[in-house]
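Engineer: Quick one, fold the following:
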Amino acid sequence: MKRTTIFRELLAAEEILLLPGAHDALTAKIIFQSGFKAYTAGGYAATAGMLGAPDISQLSMTEMADFYARLCDASPLPILADADTGYGGPANVARTVRAYERAGVAALFIEDQVFPKRCGHMDGKRVVPRAEWLEKIKAALDSRMDPDLVVMARTDALAVIGIDEAIERAQEAREAGADLLFVEAPTSVEQMKRICSELDGPALANNVETGKTPALTAAELEAIGYAAVAYPVAATYAITAAVRELMQVLKKEGTTRGMAGRMVTFEEFNNTVGLAEIRARETACADFARSIVRKAK
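Structural biologist: From the prediction side, this is the model:
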């Protein structure tokens, strides 16, 4: 079954869909090995991993498409991708959708921030007029080659204009055909309940640790009415904390022995990245080649 179709079925299920965030291809593989059904990866993690920089539109569309291609190669799970503002007008959005589809994503979202955008939990955001954003949603829907590709509409209007405007924008995006709705950065449970009760379509919650939105459990979010919940930065924050601690220990003690219990072993890492399977394929290819050579003699 196509990854796009699987993602649609997961969204339609009664149980809320958990979407852990991948920091890179390695964490995408670990998410798969951990038993999750789908995942996400956003510009926040990609920018941190590739540039060591904040999420303020510093990566290009082609860089992001290449990022997603690597993740899709590393994990067979369906992925929800971050298409930011679409990287321009409707024509740019169409090109973005085609590039992301070639990369292998199962879903993507287009947001209504002014370019250059910033992380949804940062201050100082601005949004474009409704019509301009809806044009992009329409362009994304019309340009997808796979009709099962999920197009999510994300609005950041809550922090800029207010909850009423954000809900109205999401409602209009649904009327335009958006498959999934995302009102970013509600600041209270009451706002989250309004979002789910007033939207005629599945909604996504975004758990950014220490961000603006209350960090509820998946069960609590499901009870409110959310269809999916993303944890886009948890892996990035965990990696940052772990590597910082490792470097502090190494600098102070001149050895990593004190961190041995906090790291995987050489063999464990090789198993995680599939070294044995690669070696088996190499051996099979070599055996096949030798059999052909012997026949030629």
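
Engineer: in the chain, which ranges drop under the pLDDT threshold?
Structural biologist: 296-297 (pLDDT under 70).

Engineer: Could I get the full set of strands for it?
Structural biologist: Here the chain has its strands, by DSSP state E, at 17-20, 39-41, 79-82, 107-111, 150-155, 180-183, 204-206, 228-231.

Engineer: quick one, which of those strands is nearest to Pro90?
Structural biologist: Taking Cβ to Cβ, strand 107-111 is the member of the strands of the chain nearest to Pro90, at 10.4 Å. Using the backbone N, CA and C atoms, a C-beta is placed for each residue, glycine as well.

Engineer: Tell me the helices and strands packed up against that closest one.
Structural biologist: In terms of contacts (3 or more Cβ pairs under 8 Å, 6 or more residues apart in numbering; DSSP states H and E), strand 107-111 is packed against strand 79-82, helix 90-103, helix 130-143, strand 150-155, strand 180-183.

Engineer: Could you list the paired strands of it along with their orientation?
Structural biologist: strand 79-82 (parallel), strand 150-155 (parallel) (DSSP bridges).

Engineer: got these as TSV, with distance to Lys125 columns?
Structural biologist: Formatted as TSV, the strands paired with strand 107-111 follow (distance: least, Cβ to Cβ, whole Å):
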stretch	distance to Lys125
strand 79-82	15
strand 150-155	11
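
Engineer: Tell me where the longest helix sits in this protein.
Structural biologist: helix 275-296 (DSSP state H).

Engineer: Please compute how far that helix lies from its chain's middle.
Structural biologist: Centre-to-centre, helix 275-296 and its host chain are 37 Å apart (Cα atoms, centre = their mean, to the nearest Å).

Engineer: circling back to that earlier point, can you lay out the helices and strands packed on strand 107-111 as JSON lines showing mean neighbour count and distance to Glu190?
Structural biologist: Formatted as JSON lines, the helices and strands packed on strand 107-111 follow (neighbours: other Cβ atoms under 10 Å; distance: least, Cβ to Cβ, whole Å):
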{"stretch": "strand 79-82", "mean neighbour count": "26", "distance to Glu190": "26"}
{"stretch": "helix 90-103", "mean neighbour count": "19", "distance to Glu190": "33"}
{"stretch": "helix 130-143", "mean neighbour count": "19", "distance to Glu190": "24"}
{"stretch": "strand 150-155", "mean neighbour count": "26", "distance to Glu190": "18"}
{"stretch": "strand 180-183", "mean neighbour count": "25", "distance to Glu190": "13"}
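
Engineer: JSON lines please, covering these and showing distance to His23.
Structural biologist: Formatted as JSON lines, the helices and strands packed on strand 107-111 follow (distance: least, Cβ to Cβ, whole Å):
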{"stretch": "strand 79-82", "distance to His23": "13"}
{"stretch": "helix 90-103", "distance to His23": "17"}
{"stretch": "helix 130-143", "distance to His23": "26"}
{"stretch": "strand 150-155", "distance to His23": "21"}
{"stretch": "strand 180-183", "distance to His23": "21"}
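
Engineer: So for Arg257, which of those sits nearest?
Structural biologist: Across the helices and strands packed on strand 107-111, closest to Arg257 is strand 79-82 (Cβ to Cβ), at 37.6 Å.

Engineer: Next, count neighbours for Glu222.
Structural biologist: 18 (other Cβ atoms under 10 Å).

Engineer: Not counting sequence-adjacent ones, nearest residue to it?
Structural biologist: Nearest non-adjacent residue to Glu222, counting by Cβ to Cβ, 6 or more residues apart in numbering: Ile16, 3.9 Å away.

Engineer: For the one you found, give me its contacts.
Structural biologist: Contact analysis of Ile16 by Cβ atoms under 8 Å, 6 or more residues apart in numbering lists 218-219, 221-222, 226-229.

Engineer: Only the buried subset of the residues you listed, as a ChimeraX command please.
Structural biologist: Selecting the buried subset of the contacts of Ile16 in ChimeraX, with 16 or more other Cβ atoms under 10 Å as the burial test, is done by:
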select :218,221,222,226,227,228,229
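
Engineer: and of the contacts of Ile16, the nearest to Gly201?
Structural biologist: Ranked by distance to Gly201 (Cβ to Cβ), the contacts of Ile16 are led by Ala227 at 8.7 Å.

Engineer: which ones are touching the nearest residue to the closest one once chain neighbours are set aside?
Structural biologist: The spatially closest residue to Ala227, leaving aside those adjacent along the chain, is Pro202, at 3.6 Å (Cβ to Cβ, 6+ apart). Counting by Cβ under 8 Å, 6+ apart, Pro202 makes contact with 11-12, 179-181, 227-228.
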